[in-house]
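Undergrad: test case, fold it:
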Amino acid sequence: MAEPAQEGSGFNIHPMDQFVVKPLFGDGPISWYTPTNATMWMALTVLAITLVLVVGSRGRALVPSRGQSMAEMLYGFTRKMVEDVAGKEGLKYFPYVLTLFTFILFANLLALIPTSFSVTSHIAVTAVLALAVFFTVTAIGFVKHGAAFLGLFWVTSAPLPLRPVLAVIEIISYFVRPVSHSIRLAGNLMAGHAVLKVFAGFAGALGAGAVLPIVAITAIYGLELLVACIQAYVFAILTVVYLNDALHPSH
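TA: Okay, here's the model as predicted:
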């Protein structure tokens with residue numbers, strides 16, 4: 001029989017342990033009402049958003065402070081994105097898009113703090129956000145256009161014999177939206193953090209000779225910072241694209 005691996009081995013790396021949801025108090029079972037590390041970091045995300053958007057901009061000075069400048073930049077960037085994609089009519093739903101964008105962005109950035117917890121790496125979180133977008137835009141489409149919203153699936157520019165086939169493809173792709181919307185975000189965040197943990201484990205095991213792992217960690221951390229911002233933008237821009245389909249199904 002093979003001998004069991006030594007528990008004290010320096011290469012005993014478990015990159016997926018960082019994604020385990022644990023109760024904040026004690027080690028008992030987790031119920032829907034149990035405060036967990038995920039609960040705490042989502043609360044910290046909301047607190048960080050409040051500090052930047054509410055507290056940071058409450059002065060409304062002509063010469064803005066750093067906090068006010070950051071809040072105005074986030075506000076202006078998101079508003080322009082909604083207006084450019086969905087038009088003036090889409091601005092009615094700008095607060096919803098801003099809420100989604102800032103929550104995902106701040107959650108992604110806070111997850112880069114050492115020993116933190118990445119809530120957006122969990123499909124349970126991203127799936128709820130994606131399903132909320134899916135049901136919201138679908139409801140908007142039917143409320144505004146009624147049965148005419150189904151015209152989104154009928155490609156009038158295609159030859160008539162191909163339209164039923166394309167309609168089936170369009171319906172399938174429409175219902176797959178929340179799947180791709182959620183997995184893209186969770187998968188990218190989980191993969192990046194797992195790679196960081198692996199290189200951090202190598203650096204800890206090698207000790208003073210861990211030059212290459214430390215260089216790799218620095219490079220990957222910079223990449224993850226970029227990914228954190230890009231994935232928040234991708235989630236938000238896809239939300240606006242889906243909203244535009246609901247507002248203008250014939251386009």
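Undergrad: M42 contacts V119, correct?
TA: Yes - if you go by CB atoms under 8 Å, M42 and V119 touch, sitting 5.3 Å apart. Bear in mind the C-beta positions are built from the backbone N, C-alpha and C, glycine included.
Undergrad: which one's more surrounded, these two?
TA: Under the criterion of other CB atoms under 10 Å, the comparison of M42 against V119 puts V119 first, with 27 against 18.
Undergrad: where does pLDDT dip in the chain?
TA: 1-12, 59, 61-63, 207-209, 251 (pLDDT under 70).
Undergrad: please enumerate the helices of it.
TA: Secondary structure of the chain by DSSP state H: the helices cover 37-50, 66-86, 94-110, 123-145, 163-206, 211-247.
Undergrad: pick the most deeply packed of these.
TA: helix 94-110 (a mean of 21; mean count of other CB atoms under 10 Å).
Undergrad: let me know the angle separating that one from helix 211-247.
TA: Angle, helix 94-110 to helix 211-247, by axes from the mean of the first three to the mean of the last three CA atoms, to 10 degrees: 170 degrees.
Undergrad: quick one: list the elements packing against helix 94-110.
TA: helix 37-50, helix 66-86, helix 123-145, helix 211-247 (3 or more CB pairs under 8 Å, 6 or more residues apart in numbering; DSSP states H and E).
Undergrad: contact partners of that helix?
TA: With contact meaning CB atoms under 8 Å, 6 or more residues apart in numbering, helix 94-110 is reached by 41-42, 44-46, 48-49, 52-53, 74-75, 78-79, 81-82, 116, 118-120, 129, 133, 136, 185, 189, 225, 227-229, 231-233, 235-236, 239-240, 243.
Undergrad: check the offset of that helix from the chain's centre.
TA: Distance of helix 94-110 from the chain centroid (CA atoms, centre = their mean, to the nearest Å) equals 8 Å.
Undergrad: how close does the closest residue to V133 other than its chain neighbours sit to Q68?
TA: Of all residues not flanking V133 in the chain, T239 sits nearest, at 5.0 Å (CB to CB, 6 or more residues apart in numbering). Distance, T239 to Q68, using CB to CB, to the nearest Å: 26 Å.
Undergrad: equivalent analysis for V119, please.
TA: Taking CB to CB, one finds V119 at 27 Å from Q68.
Undergrad: again, but for V128
TA: V128 sits 31 Å away from Q68, taking CB to CB as the criterion.
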